[in-house]
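K.L.:
pasting the structure only:
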């Protein structure tokens, strides 16, 4: 499969625990994005990497959230001290830097449930 | 505040008819626009993108952009039951690197 992959697909955790999600982008894509989607809403942008550099972070990304892309390939998103409001689908997307457009392709997502 | 507005629906269209989905955006700095299809419980799938005023056709799908009116639309010709899904409109600022700003989506139902 040459698409974006995410692991785990589902995560159930108790409030206060830390969780980490992984995203593997399409192999030649140098841009990687994290989004969060709750029921009935469109995805909300969280953060974006170009290669290993984190270039933009949304105000939605509180200090409990941290993302890394250490070698410019896969990325991890960690949520510390989870809260029930963190329950959502966490989506990763990747794209290839182009001059005029930036098609983003999404992975299957990680569904987080915080009890 | 960058916003993308869509009618949440549901929009019900008979099989074989044309489905018309609309979207408006508030940020005049938006340059590129994307339509994604999302089936229940699945992730968004890219259908079309457009960045020039006018129409862009791809098979049964036509995207339309009017930057003066800040309006984007998606037409689906010969609608099929498999087209039943939520359609998400997304905007991106110029430069092509920013995260996408999504609308809430329009739920489309194609009636057999």
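P.N.:
Sure thing, it's come through. What you see is a predicted model; the values in this text were computed from it and never measured.
K.L.:
Who are the contact partners of residue 24?
P.N.:
Just so you know, I chose chain A. Residue A:24 makes contact with A:4, A:5, A:6, A:73, A:74, A:107 under the criterion C-beta atoms under 8 Å, 6 or more residues apart in numbering or on different chains. C-betas here are computed from N, CA, C, even on glycine.
K.L.:
Correction: the question concerned chain B.
P.N.:
Contacts of residue B:24 by C-beta under 8 Å, 6+ apart are B:4, B:5, B:69, B:70, B:71, B:72.
K.L.:
and the closest residue to it other than its chain neighbours, how many neighbours?
P.N.:
Sequence neighbours aside, residue B:5 is the residue nearest to residue B:24 in space, at 4.9 Å (criterion: C-beta to C-beta, 6 or more residues apart in numbering or on different chains). A count of nearby residues for residue B:5, using other C-beta atoms under 10 Å in any protein chain shown, gives 14.
K.L.:
wait, residue B:5 sits on residue B:25?
P.N.:
Yes. Look at residue B:5 against residue B:25 with C-beta atoms under 8 Å: they come within range, at 7.4 Å.
K.L.:
before we move on, the earlier item: now, which of the contacts of residue A:24 sits nearest chain B?
P.N.:
residue A:107 (6.3 Å; C-beta to the nearest C-beta).
K.L.:
Please name the nearest non-neighbouring residue to the closest one.
P.N.:
That would be residue A:4: by C-beta to C-beta, 6+ apart, it lies 3.5 Å from residue A:107.
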